[in-house]
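>>> Kindly generate the corresponding structure for this input.
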Amino acid sequence: MSDAVTFRPMIEADLDAVLKIEFAAYSHPWTRGIFLDGLGKYQIWLMFEGQQQVGHGVVQIILDEAHLLNITVKPENQGRGLGLTLLEHLMSRAYAAQARECFLEVRDSNRSAFRLYERYGFNEIGRRRDYYPAVGGREDAVVMACTLVD
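Prediction:
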């Protein structure tokens, strides 16, 4: 990475740029309405490399638990460690908000994300059958959990 990576909370004015990345990265992306609804409920962080937005992540905090709802890196910026950088930031923010454990669901077919979560310290704790929409049907989710530490 040539430019410094920085983060800031998302505001409504960021929505078009966030959706552009979201739609480029996923076959079944979050919608404008989901992000708008989440602005008042979740921690939504944008990641920048220099002045360029390269990713975003969404974490829900309930008491001492966090739920990683979305983590997205711009497709052309993937494979350079930015996903781990974003995940580390999101988990540190969750810990700062008093969360001590984090849960997530990941598509069974998304092996690169699964490996990223394992590398961070997440472990598979279960599956949700037919959780995600998929081309031609539904896809299972792998449920993962991780203890958060300072």
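
>>> Which SSE is immediately downstream of the lengthiest helix in the chain?
Secondary structure of the chain per DSSP state H: the longest helix is helix 82-96. Using DSSP states H and E, the helix or strand that follows helix 82-96 in sequence is strand 101-107.

>>> Tell me the strands beside that next one, with direction?
Strand 101-107 has the following strand partners under DSSP bridges: strand 65-73 (parallel), strand 137-147 (antiparallel).

>>> Run the chain-centre distance for whichever helix or strand comes after that strand.
Following strand 101-107 in sequence order, the next helix or strand is helix 111-120 (DSSP H and E). Centroid displacement of helix 111-120 relative to its chain, using CA atoms, centre = their mean, to the nearest Å, is 12 Å.

>>> And stretch 100-108, by the same measure?
Here the centre of stretch 100-108 is set off from its chain's centre by 10 Å, with CA atoms, centre = their mean.

>>> Need the residues that contact that stretch.
59, 64-69, 91, 94, 113-114, 117, 122, 127-128, 131-132, 134, 139-148 (CB atoms under 8 Å, 6 or more residues apart in numbering). From N, CA and C alone the C-beta is placed, and that goes for glycine too.
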